[in-house]
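K.L.:
I would like the atomic coordinates for the input below:
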Amino acid sequence: MDRARKAEVVENLNGLLGGAGSVVVAHYTGMTVAQMSDLRSRMLAAGASFKVSKNRLAVRALQGTAAEAIAHLFKGPTGIAISADPIAASKVVVAYAKENEKLVILGGVVGTTALDANGVKALAALPSLDELRGKIVGLLQAPATKLAGLLAAPAGQLARVIGAYSTKEAA
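P.N.:
The predicted structure is shown next:
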C-alpha cells in the first residue's frame, strides 16, 4: 500500500471514529469470509459498521478522537465495530460473539469512557435509545389512560344501576 493510500485510509477511519458514539474492538481470528459477511450485514442492519484495518493505521486514526484511550487494544487481527448510537455496535458484537466463539471482544469506548470486555457486555445489556423512548411515552400515556377510565367508571355504574331497576320493574 503506497503512502497516499495509507493517508486516505487513516483519514477515512479518523472521520468514522470522530463521529462515533461507540467503538468496540474485537479479535476475529479464524472467522471465515461468510461469517465476516454475516457480521457486517448484521452491523449494517443495526446502523453500525465493522471495519478491518492495519493496526498501525487504526492507531494513527484514533489520534485526536475520543476513542484514543483504546489504542492499546490494537494487537493482532483486530476488527473495529463503529456506530453513532452508543449501544448498537456493542449489542450486535456481543450477540454475534455468543454465536461464534471465534469473535473475541477486547474492549471499546463510549464517548470518552474506555471499557473492557465486561464493560462492553454490560453496555449491550442496556435498552436501546428507541426502547427507552417507548418506555417514556408509555409512562406519559399511563396517567391519561387511568384518568379516562376513572371518569368513565361512574357513568358506567350509573347506567348499570338504572338497567337493574328497569329489569326489576319489568319482572
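
K.L.:
What does Pro154 show for phi and psi?
P.N.:
phi -60, psi -40 (degrees, to the nearest 10).

K.L.:
Could you pull up the contacting residues of it?
P.N.:
By CB atoms under 8 Å, 6 or more residues apart in numbering, the contact set of Pro154 is empty. Any C-beta I mention is one placed from the backbone N, CA and C, and that applies to glycine too.

K.L.:
Can you read off the pLDDT for it?
P.N.:
Listed pLDDT for Pro154 reads 74.

K.L.:
Okay, now the unreliable bits of the chain?
P.N.:
147, 150, 171 (pLDDT under 70).

K.L.:
tell me the centre residue of the chain?
P.N.:
Centroid-nearest residue in the chain: Ala88, 1.9 Å away (criterion: CA atoms, centre = their mean).

K.L.:
measure that one to Leu13 for me?
P.N.:
Ala88 sits 18 Å away from Leu13, taking CB to CB, to the nearest Å as the criterion.

K.L.:
One more: Phe74?
P.N.:
The spacing between Phe74 and Leu13, counted by CB to CB, is 11 Å.
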